[in-house]
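Undergrad: When you get a sec, could you give me coordinates for this:
(one chain, ligands or ions: 1)
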Amino acid sequence: MCLISVGSVQFLLSFARQWVAGVEAEDAIGRSREANSLGMGAIVNLLGEHYGRKDKVEATAREYESLLADMRGLGLDACISIKLTQLGLSISEGYCREVMARLLEGCRKTGIFLWLDMEGSEYTSATLRIYRKCLESWPEIGVALQANLRRTEEDLRSLLPEGVIRLCKGAYRENPSLSFRKRADVDESYRGLMHILFEDGERFALATHDDRLIHEGLALQKKHSCELEFQMLLGVRDPLKRELKSLGHRVLEYIPYGPEWLPYFSRRIRERPGNLITMFRSFVGTQQRPLL
Ligand code: FDA
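TA: Residues are numbered from 1 along each chain as shown. You can find the predicted model right below:
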């Protein structure tokens, strides 16, 4: 029984490696080097969320601090992306601020940019409060905003022009009163928010693999002067990343790693259930390569 489950986990992990660098920090550093060698920046995320124990939070903060030192020591073009619920927000907002203040000190010493991932809508307000506070002491910090939330336009306008925004569609299933649920509505919301970013933003990231939105972003960039970067997930749409690079755009790859890879892997499968077919094919031994 035990052997079967260990084997299953190993099998799943071997498939998940398309999207997850591995379990150890050195795996993420290795994938960051690869991204750099292809001319892309790296955004490293230690997977894990909703920690209710301080020892777990402290260990996570130490791991990020050590990543910052490694990135600096190796001269990588890399930054980190964290979830506040892995750094104390599930315990208390005050404690999370303390942990963040320490981590930002590490960022300041190493000169490394820090992104705040955005989690489920129950954390949006607290995340933005902490973001604003952090921005006062370290300008090299950005926050993700989700186009599927109805509140995002207001949040976005209130954060500009100082805030550095990563615009994504949103990975969490939300209550319809708070969110757009139809894909077309989320895309429309993304489009509107992207226009606001180009008009009023100075520095931001488009985090999507959606061709139509990316092409619209490229057209908007010709009319506006801004510092724009494209961010995409490890293992998704590699040819598109290369195409954007060849056109001279800055592209960053989001590289998650760590023992808690399963929820992240499940989110990627949920977004594109066709990946399950690929997984099944690789399981039964056909030569089909994973999608993308
Ligand atoms: P969409 O899902 O419509 O996909 C567009 C196309 O991209 C698809 O047709 C397919 O071709 C390709 N594609 C997308 N996902 C794929 C997959 N898993 N496998 C293969 N192909 C795929 N969310 C959040 O709530 N908080 C956050 O902080 C972040 N942070 C973040 C950072 C970065 C760098 C990225 C790229 C994304 C996030 N996200 C996120 C996730 C985001 O909200 C969203 O869930 C995914 O990016 C999928 O949405 P797309 O914009 O790619 O569009």
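Undergrad: By neighbour count, which bits of the one helix or strand residue 240 maps to are buried? Give me those.
TA: Take DSSP states H and E as the rule and residue 240 turns out to sit in helix 238-246. For helix 238-246, burial by neighbour count (16 or more other CB atoms under 10 Å) applies to 240-241, 244. No exception for glycine: its C-beta is placed from N, CA and C like everyone else's.
Undergrad: repeat for stretch 84-95
TA: So, applying 16+ other CB under 10 Å, buried residues of stretch 84-95: 84-91.
Undergrad: ok, which residues in the stretch 101-250 of the chain are in contact with the ligand?
TA: For the stretch 101-250 of the chain, the residues in contact with the ligand (CB under 6 Å from any ligand atom) are 117-118, 144, 146, 168-172, 207-210, 231-233, 236-237.
Undergrad: repeat that with 8 Å
TA: Residues of the stretch 101-250 of the chain lying close to the ligand by CB under 8 Å from any ligand atom are 115-119, 144, 146-148, 166, 168-172, 183, 186-187, 190, 205, 207-211, 213, 231-233, 235-237.
Undergrad: Point out the ones among those that are inside strands.
TA: Counted as lying in strands by DSSP state E, out of those, are 115-116, 144, 146, 166, 168, 205, 207, 231-233.
Undergrad: And what about the residue nearest to residue 16 when sequence neighbours are not counted, helix, strand or coil?
TA: Spatially, and ignoring its direct neighbours in sequence, residue 16 is nearest to residue 265 (4.3 Å; CB to CB, 6 or more residues apart in numbering). Classification of residue 265 using DSSP: H, G, I helix; E, B strand; the rest coil returns helix.
Undergrad: could I have the helix or strand hosting residue 55 exported to PDB, CA atoms only?
TA: Under the criterion of DSSP H and E, residue 55 resides in helix 54-74. Only the C-alpha atoms of helix 54-74 are listed here, as PDB (Å, rounded to 0.1, in the frame of the first residue of the first chain):
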ATOM      1  CA  LYS A  54       5.000  30.100  13.200                       C
ATOM      2  CA  ASP A  55       7.800  27.500  12.800                       C
ATOM      3  CA  LYS A  56       6.600  26.700   9.300                       C
ATOM      4  CA  VAL A  57       6.400  30.400   8.500                       C
ATOM      5  CA  GLU A  58       9.900  31.100   9.900                       C
ATOM      6  CA  ALA A  59      11.400  28.200   7.900                       C
ATOM      7  CA  THR A  60       9.800  29.500   4.700                       C
ATOM      8  CA  ALA A  61      11.200  33.000   5.400                       C
ATOM      9  CA  ARG A  62      14.600  31.500   5.900                       C
ATOM     10  CA  GLU A  63      14.400  29.600   2.700                       C
ATOM     11  CA  TYR A  64      13.500  32.800   0.800                       C
ATOM     12  CA  GLU A  65      16.400  34.600   2.400                       C
ATOM     13  CA  SER A  66      18.800  31.900   1.400                       C
ATOM     14  CA  LEU A  67      17.300  32.000  -2.200                       C
ATOM     15  CA  LEU A  68      18.000  35.700  -2.300                       C
ATOM     16  CA  ALA A  69      21.600  35.200  -1.200                       C
ATOM     17  CA  ASP A  70      22.100  32.400  -3.900                       C
ATOM     18  CA  MET A  71      20.500  34.500  -6.600                       C
ATOM     19  CA  ARG A  72      22.800  37.400  -5.800                       C
ATOM     20  CA  GLY A  73      25.900  35.200  -5.300                       C
ATOM     21  CA  LEU A  74      25.300  33.600  -8.700                       C
END
